[in-house]
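Peer 1: Sequence plus predicted model, see below.
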Amino acid sequence: MKDFIFLPASTIQASRVRLPGSKSISNRTLLLAALADNVCVLHDVLDSDDTQRMLEALQVLGVAISSPQAGTHQVQGVTGRFPTTEAKLFLGNAGTAFRPLTAALAVMQGHYHLSGVARMHERPIGDLVDALRLAGADISYEQNSGYPPLQIAPWQDNGVRRVQVKGNVSSQFLTALLMALPLTGNAYDIEVVGELISKPYIDITLKLMAQFGVQVAHENHQVFHLPAGVVYHAPATLHVEGDASSASYFLAAGLISGQKITVEGVGKNSIQGDVAFVDALVQCGAQVSYGDNSITVWRDAKQAIQAFDFDANHIPDAAMTLAIVAVASGQPCSIRNIESWRVKETDRLSAMTTELRKLGVLVTEGQDYISIHAQAPLKPNVRIDTYDDHRMAMCFSLIALLDTPIIIIEPECVNKTFPTYFKEFAKLCV
């Protein structure tokens, strides 16, 4: 693994970038296809650490998966019951694998042990476990209460049909319940307690479940009604959209540089909420055009990048890129309602604050917000720690577009979602 990558101060040219598949869609569809009652061929699946952890886990659980080429997987569904009833699963730092698999395995009749890297064991899962236990799951904590590793024993239906889950830590908890509880054959109401963050990610889950034959009604994202007697049935083929979160770096590059940058793989009809990142760029002065499967962003050379005060609760991952846009603006900017940053691959609020200050940027960090005011010139050749967090590495690469050479430590952390990111970034440069 490379210890660092040096990015010189760079200018970029008008370019087109083909996005990798969406991590969120890839791991959801892999699990849904595995649980279906038929065969599904998935195309354009993201090839990354997170999806590898899901694929490995499904195969350990007895799912037959063949992969004729990179990004294409033929999955033979197991009709809602994994053949392997006793297994130890290592899931790295893949939240999109760990949370849904926890719920799916909790409603099975097996004994399972789930663990990950040290950081995964620091990421809370107690709200999901509490909800599953309410409905009859037998889950115990191996080390610290509320955190992985987990030990799962056979499900015992206790007759409860209304489950509550907190919505203010991670939308993945609700996603996990939505995808798993239909496997019981029972009807359930899931009630969200408090504010539900990242609603667009729940919409992804609901739309994908519908494609697999399970329709879920909801009341303003507060109560979700799961039908009884349903079975997942996969489409014969499914193409995964490009990753809208990964698109944010290139779209922001179009705003920062003024050059027309087009991302391919996601467009105006995307099911991903992170396309709303484009709306934030428009507030900052971006020009945008949409195609069916593409988005182009640029900026009029006469138009300065505008300051902003943005509530990013609905796009927490893509919102990290706004921190660099704030630096590019050179004006006071704020990103609010992002407490969920603290329970991601690292405490992103703290990490972003620390690394921006190395560049000489004025930063105020609150419990759920960050305020940023950059005053030129930025300090050159700063070594940016990435905290084993792919989004930290990709965000800070954009500093090179601000006439500031920068060093990214442990750049291969991008393998989590975008292994070729730095190669694609280099292609933009003149």
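Peer 2: Done, it's in. Numbering: from 1, shown residues only.
Peer 1: Am I right that L183 falls within a strand?
Peer 2: No: counting by DSSP: H, G, I helix; E, B strand; the rest coil, L183 falls outside a strand, being helix.
Peer 1: roughly how far apart are it and V288?
Peer 2: Distance of L183 to V288, given as C-beta to C-beta, to the nearest Å: 41 Å. In this view, the C-beta of every residue, glycine as well, is placed from N, C-alpha and C.
Peer 1: Neighbour count for these two, which is higher?
Peer 2: Ranked by neighbour count (other C-beta atoms under 10 Å), L183 and V288 place L183 first, with 20 against 15.
Peer 1: For the residue lying closest to D37 once chain neighbours are set aside, the count of nearby residues, please.
Peer 2: Closest residue in space to D37, ignoring its immediate chain neighbours: T79 at 4.3 Å, by C-beta to C-beta, 6 or more residues apart in numbering. Other residues near T79 come to 12 when the count uses other C-beta under 10 Å.
Peer 1: so what's the closest residue to Y387 other than its chain neighbours up against?
Peer 2: Distances taken as C-beta to C-beta, 6+ apart place T346 nearest to Y387, at 3.8 Å, with adjacent residues excluded. Residues near T346 by C-beta atoms under 8 Å, 6 or more residues apart in numbering: 119, 387-389, 392.
Peer 1: Buried by neighbour count, from the residues you listed: which ones?
Peer 2: Among these, those buried by neighbour count (16 or more other C-beta atoms under 10 Å) are 387-389, 392.
Peer 1: Throw the residues you listed into TSV and include distance to C429, thanks.
Peer 2: Formatted as TSV, the buried ones among the contacts of T346 follow (distance: C-beta to C-beta, whole Å):
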residue	distance to C429
Y387	26
D388	26
D389	24
M392	21
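Peer 1: Among the residues you listed, which are located in strands?
Peer 2: Assigned to strands by DSSP state E, none of the buried ones among the contacts of T346 qualify.
Peer 1: what's the farthest-apart pair in those residues?
Peer 2: Greatest spatial distance among those (C-beta to C-beta): D388 and M392, at 8.7 Å.
Peer 1: re earlier: looks like the residue nearest to D37 contacts H233 (just checking).
Peer 2: No: T79 lies out of contact with H233 (C-beta atoms under 8 Å); the separation is 9.6 Å.
Peer 1: Between the two, which contacts overlap?
Peer 2: By C-beta under 8 Å, 6+ apart, the residues touching both T79 and H233 are 36-37.
Peer 1: just to revisit the earlier point, tell me, what's touching D388 and M392 both at once?
Peer 2: In contact with both D388 and M392: 346, 413, using C-beta under 8 Å, 6+ apart.
Peer 1: related to what we said a few turns ago, do you know how far the residue nearest to Y387 is from K416?
Peer 2: Taking C-beta to C-beta, one finds T346 at 12 Å from K416.
Peer 1: One more: A252?
Peer 2: In terms of C-beta to C-beta, A252 sits 19 Å off from K416.
Peer 1: now do Q303
Peer 2: For Q303, the distance to K416 - C-beta to C-beta - is 34 Å.
Peer 1: These two: who's more crowded?
Peer 2: Using other C-beta under 10 Å as the criterion, Q303 and K416 rank with K416 on top: 24 against 13.
Peer 1: nearest residue to the more buried one other than its sequence neighbours?
Peer 2: Looking at K416 with C-beta to C-beta, 6+ apart, the closest residue is H390, at 4.2 Å.
Peer 1: and the helix or strand harbouring K88, how far from the chain's centre?
Peer 2: Using DSSP states H and E, K88 sits in strand 86-90. Centroid separation for strand 86-90 versus its chain: 24 Å, with C-alpha atoms, centre = their mean, to the nearest Å.
Peer 1: Show me which positions of that strand end up buried.
Peer 2: For strand 86-90, by 16+ other C-beta under 10 Å, it's 87, 89-90.
Peer 1: okay, now H113: neighbour count?
Peer 2: H113, neighbours per other C-beta under 10 Å, totals 16.
Peer 1: Could you check how far the spatially closest residue to R348 that is not a sequence neighbour is from S170?
Peer 2: Excluding the flanking residues, the one nearest R348 by C-beta to C-beta, 6+ apart is W341, at 3.7 Å. Relative to S170, W341 is positioned 11 Å away (C-beta to C-beta).
Peer 1: same question, L378
Peer 2: 33 Å.
Peer 1: The two: which is more packed in?
Peer 2: S170 (24 against 20).
Peer 1: residues contacting the more buried one?
Peer 2: 95, 99, 124, 127, 197-198, 340, 343.
Peer 1: Among the residues you listed, which lie within helices?
Peer 2: Taking DSSP state H as the definition of helices, those contribute 95, 99, 127.
Peer 1: Could you tell me which ranges of this protein sit under the pLDDT cut-off?
Peer 2: 1 (pLDDT under 70).
Peer 1: before we move on, what SS does the residue of the chain positioned farthest from its centre have?
Peer 2: Seen from the C-alpha centroid of the chain, the residue lying at the greatest distance (C-alpha atoms, centre = their mean) is K302, 34.8 Å away. Secondary structure, three-state DSSP: K302 is coil.
Peer 1: so how far is I256 from it?
Peer 2: 15 Å.
Peer 1: I315 contacts Q272, correct?
Peer 2: No: look at I315 against Q272 with C-beta under 8 Å: they stay out of range, at 9.6 Å.
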